[in-house]
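> sharing a model that was predicted from the sequence below.
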2 protein chains.
Amino acid sequence: MTVEAIFEATIQVLLRDGMNALTTTRVAERAGVSVGTMYQYFPNKQALVYALNARYLDALAARIEVTCQEQSGAPLGPMVEALIETYWTAKTERADITQALYRSVAELNNDALIHAFADRVDRATTEMFSSASDANFADTSRTNLSLVTVIYGTVRNAFERALSEREVTDLKQDLKTMCRAYLANVTV
Amino acid sequence: MTVEAIFEATIQVLLRDGMNALTTTRVAERAGVSVGTMYQYFPNKQALVYALNARYLDALAARIEVTCQEQSGAPLGPMVEALIETYWTAKTERADITQALYRSVAELNNDALIHAFADRVDRATTEMFSSASDANFADTSRTNLSLVTVIYGTVRNAFERALSEREVTDLKQDLKTMCRAYLANVTV
DNA sequence: ACCTGAACACCGTTCAAGT
DNA sequence: ACCTGAACACCGTTCAAGT
């Protein structure tokens, strides 16, 4: 399909030449269509980058939802570790794409994108945590928000710092320790 | 000074009209100089944005260093809370500028910028944590890395999510709980 | 219905000319 | 020494013309 070819071309240009070289001409050329065709599917360049990120976040949200369903009813410890594992893996298995998208999304007004993603994922994780065999929170949505903000933020920052494999392993383990310790603290 | 006027103009254009409207012409106009003048001080537009971010990170690093010096010799708990407080305040007191810079820096290859900042700040925090009255880490640099990555990442993610004041207060408190609990866990 | 690509407005950058 | 701004190459976007 033409749209798929354009998406694929966008990722390739982003990976090969970076954000600055992401021109409509180059994307169209690589996708094997003319610029005009691109504008039939996307009203402008921003919309293309936006759609690409929306597509990625949708896939990410779906994976998190799967993990949340799998962990339903488990104890809190394994639960939060599974969430960390899923998010971290999803982000790192194609680290280059993750980086490229982080950079591309910054240019656009992505509030709607972030909120749609956050709402969907928050729903899944909140439900998961509520189902825990040892769940007994003073404030479920607060705990959920704290956990996911810390987890997603840490993964992102780990990316920016370009940590070594060793450092990533240690950090991931420490993040799990932190979240487990926090959960022990906020469970009544 | 001309350079200062250009920096100031850049921030203003960024705040008023966003990243897309940040054109060399507009910046020059607002700074009261011609485009040519801008190019005497910065080789290109990227360099201008880069320099603006470098300037900001330098000021941020200086503030963190001050906190680290102030906390020297204190117990770990208050120490990590002071670090969280300083970083969070520095980022939120001019939230609009923080946001604008987050967005502007994404476009450029900022590895050098990030690393220079990270190295400098890591040195300050590692020294602080080592000086704690109750410091006794199995692995000081690992603990330091985990703490700063989690803290900086959480603040950044809190920004992206555009949390309410209430949520921010709760999250900050929970982050402190997490870091304290983690420190209790990794101290031998 | 879907595609093409020349044409237009605008942006980043340069450089001969000004003080 | 520092500044100006018209000029140039290139990019995002459009639209009349093609299949």
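The structure has been received and is ready for your questions. Numbering: from 1, shown residues only, chains lettered A, B, ... in the order given.
> flag every residue of chain A that's near DNA strand D.
By C-beta under 7 Å from any atom of the strand, the part of chain A that sits against DNA strand D consists of A:22-25, A:35-36, A:39, A:43-46. The way it works is simple: take the backbone N, C-alpha and C, and place the C-beta from them, glycine included.
> immediately after the lowest-mean-pLDDT helix or strand in chain A, which helix or strand?
Ranked by mean pLDDT, DSSP states H and E, the weakest helix or strand in chain A is helix A:95-106, scoring a mean of 91. Sequence order places helix A:111-131 as the next helix or strand after helix A:95-106, per DSSP states H and E.
> what separates that following helix from the chain centre, distance-wise?
Here helix A:111-131 is found 12 Å from its chain centre; the criterion is C-alpha atoms, centre = their mean, to the nearest Å.
> which residues does it contact?
Outside of helix A:111-131, the residues within contact range by C-beta atoms under 8 Å, 6 or more residues apart in numbering or on different chains are A:50, A:53-54, A:57, A:60-61, A:64-65, A:67-69, A:71-73, A:76, A:79, A:83, A:105, A:135, A:137, A:140-141, A:143-145, A:147-148, B:160-162.
> just those: which are in strands?
Per DSSP state E, strands hold no members of the contacts of helix A:111-131.
> what parts of chain A come near DNA strand C?
Residues of chain A lying near DNA strand C by C-beta under 7 Å from any atom of the strand: A:2, A:33-37, A:39-40.
> change it to 6 Å
On the criterion C-beta under 6 Å from any atom of the strand, DNA strand C has as its neighbours in chain A the residues A:2, A:33-37, A:40.
> tell me how chain A divides into domains.
Chain A is divided into the following domains under automatic domain parsing: A:1-43, A:53-186.
> most packed of the ones you listed?
domain A:53-186 (a mean of 18; mean count of other C-beta atoms under 10 Å in any protein chain shown).
> helices of chain A, residue ranges please.
Using DSSP state H, the helices of chain A run over A:2-17, A:24-31, A:35-41, A:45-70, A:76-92, A:95-106, A:111-131, A:140-161, A:165-186.
> any chance of these in TSV, with distance to B:A112 too?
Conversion of the helices of chain A to TSV gives the following (distance: least, C-beta to C-beta, whole Å):
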stretch	distance to B:A112
helix A:2-17	19
helix A:24-31	26
helix A:35-41	34
helix A:45-70	25
helix A:76-92	23
helix A:95-106	15
helix A:111-131	28
helix A:140-161	12
helix A:165-186	19
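> B:T10 is nearest to which of those helices?
helix A:95-106 (16.6 Å; C-beta to C-beta).
> just the CA trace of that closest one, in CSV.
Extracted C-alpha coordinates of helix A:95-106, given in CSV (Å, rounded to 0.1, in the frame of the first residue of the first chain):
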residue,chain,number,x,y,z
ALA,A,95,16.7,1.5,19.9
ASP,A,96,17.4,3.3,16.7
ILE,A,97,13.8,3.7,15.8
THR,A,98,12.9,4.7,19.4
GLN,A,99,15.6,7.4,19.3
ALA,A,100,14.5,8.6,15.8
LEU,A,101,10.9,8.9,17.0
TYR,A,102,11.8,10.6,20.2
ARG,A,103,13.4,13.3,18.1
SER,A,104,10.8,13.5,15.5
VAL,A,105,7.9,13.9,17.9
ALA,A,106,9.5,16.8,19.8
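> what is that helix packed up against?
Packing contacts for helix A:95-106, counted by 3 or more C-beta pairs under 8 Å, 6 or more residues apart in numbering or on different chains; DSSP states H and E, involve helix A:2-17, helix A:45-70, helix A:140-161, helix B:95-106.
> report the residue spans of chain A with pLDDT below the cut-off.
The model of chain A has no residue with pLDDT under 70.
> please redo it, this time with the cut-off set to 90
A:1, A:17-20, A:103, A:105-111, A:186-188 (pLDDT under 90).
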